[in-house]
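Colleague: Have a look; sequence and predicted model below, questions after that.
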Amino acid sequence: MESNADIDISLFPEQAVSEDSDGSIRAQTDRSLPYSIISTGMLERLGIVEYPPCQKAAVTHRNVQHFPIGKVTLRWHKEESAKSYSEAFFVVDKHTALVILGATAFPNSGQSSGGNMYPIGVAAQTAEEKLAMNQKKLQAAQRREQEKKEQEEKEAELRREATQKK
């Protein structure tokens, strides 16, 4: 298989109760990438708004540099296939739905097939799941705002102390 082919897959959270999918986006593969990446926009579609932060070297895919900000483990499977695979994805801060399966997603050449760009299934969300996701987003935004306020207060205090020492 060539290094930059695309495959038909479904993608879902590691702890998903069901692997049923609904909706679609385009998936890409790039075996020259040392790891798989997923955008924050795609994670939001999956209902994932929190993930552990990480620092990883930037990678370039199709002349676009991607800077990982977090890491999340998801399961994926090729369409028309029952077997699923667990994959660690590095999160990039992009609002568009983006998934690129890197070299780690294909430990051997028999797992994928070449072709054009194909859709990835996105699990449908119930009203309760949407509400929970929106609440998590709001809580995360409130936490960020509180952290920003605390940081500004610390900086103001440091400025006052520096002014008093002069």
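Modeller: Looks like it arrived, so ask away.

Colleague: can you list the domains in this protein?
Modeller: As assigned by automatic domain parsing, the chain contains the domains 9-124, 126-166.

Colleague: Sketch out the low-pLDDT regions of this protein for me.
Modeller: For the chain, the stretches with pLDDT under 70 are 1-26, 79-82, 107-126, 129.

Colleague: which one's the longest strand in it?
Modeller: Longest strand in the chain, counting residues (DSSP state E): strand 68-78.

Colleague: Now do the helix or strand following that one and strand 68-78, the angle between them.
Modeller: Sequence-wise, the next helix or strand downstream of strand 68-78 (DSSP states H and E) is strand 85-92. Strand 85-92 runs at 150 degrees relative to strand 68-78, counting by axes from the mean of the first three to the mean of the last three CA atoms, to 10 degrees.

Colleague: Partner strands of strand 85-92, with direction?
Modeller: When pairing is defined by DSSP bridges, strand 85-92 lines up against strand 36-39 (parallel), strand 68-78 (antiparallel).

Colleague: can you pull out the helices in the protein?
Modeller: Counting by DSSP state H, the chain has helices at residues 40-45, 127-165.

Colleague: Surely M133 is in contact with L46?
Modeller: No. Counting by CB atoms under 8 Å, M133 stays clear of L46, with 9.3 Å between them. Yep, even glycine has a C-beta here, placed from its N, CA and C like the rest.

Colleague: that older thread, right, so the strands paired with strand 85-92: which one is the most enclosed?
Modeller: By mean neighbour count, with neighbours taken as mean count of other CB atoms under 10 Å, strand 36-39 ranks first of the strands paired with strand 85-92 at a mean of 23.

Colleague: Let's see that strand as PDB, backbone CA atoms only.
Modeller: In PDB, the C-alpha atoms belonging to strand 36-39 read as follows (Å, rounded to 0.1, in the frame of the first residue of the first chain):
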ATOM      1  CA  SER A  36      -2.000   9.200  14.400                       C
ATOM      2  CA  ILE A  37      -3.700  12.600  14.900                       C
ATOM      3  CA  ILE A  38      -7.200  13.800  15.500                       C
ATOM      4  CA  SER A  39      -8.600  17.300  15.700                       C
END
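
Colleague: outside of that strand, which residues touch it?
Modeller: Here strand 36-39 makes contact (CB atoms under 8 Å, 6 or more residues apart in numbering) with 59, 61, 66, 68, 72, 74, 87-102, 104-105.
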